[in-house]
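> I would like to see how this sequence folds:
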Amino acid sequence: MHIALYQPDIPQNTGTILRLCACLDITAHIIAPAGFPTSDRAFRRAGMDYLDAVTLVRHSSWQAFEEWRRAGHRQLLLFTTTATVSYLDYRYRADDVLLFGRESAGVPPEVHNSADARLRIPMRPGLRSLNVALAAAMAAGEALRQIRGMAPFDRQA
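Okay, the predicted model is just below:
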């Protein structure tokens, strides 16, 4: 499983998603350009103490990312508020790429049109969107539940 961030704007959200990827053993991808420095040094300076635990792949452009994705025959699943299919109704595969757009602008039409599926997280009418890190966590949780058959934690009495 892969989580890809298209030109992320907010370093704190990216750091949260990288931590999520480290903890759940998901490969993280950053598609440049980002709105902030994404070097290992910059992440460490920002207190990203999980950097050594995450598999992080940096792509120099959308085209470079697409070449990587197509070479591996991976499905691209775009999470967007404009989709009609709920993320809960989709059947995930282990090599899927969950793509999240820029916090300020989403993704351009070229990226939107490249997606194999467009998924949304159902929300109360009239509200715009969830925080991207929260959306990534929800999407990853459902995908992993399906792929890995994750059972609920046992409750201790």
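
> make it CA atoms for all contacts and neighbour counts henceforth
OK.

> can you map out the helices along the protein?
Ranges of helices in the chain, per DSSP state H, are 11-24, 40-45, 62-71, 109-114, 132-148.

> Any stretches of this structure with poor pLDDT?
Within the chain, the ranges that satisfy pLDDT under 70 run 46-47, 150-157.

> right, so the helices of the chain: which one is the most enclosed?
Comparing the helices of the chain by mean neighbour count (mean count of other C-alpha atoms under 10 Å), helix 11-24 comes out on top with a mean of 19.

> Can you spell out which helices and strands pack onto that helix?
Counting contacts by 3 or more C-alpha pairs under 8 Å, 6 or more residues apart in numbering; DSSP states H and E, helix 11-24 is packed against strand 27-31, helix 132-148.

> Dump the ones you listed to a markdown table, plus distance to residue 16.
What follows is the helices and strands packed on helix 11-24, written out as a markdown table (distance: least, C-alpha to C-alpha, whole Å):
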| stretch | distance to residue 16 |
| --- | --- |
| strand 27-31 | 11 |
| helix 132-148 | 6 |
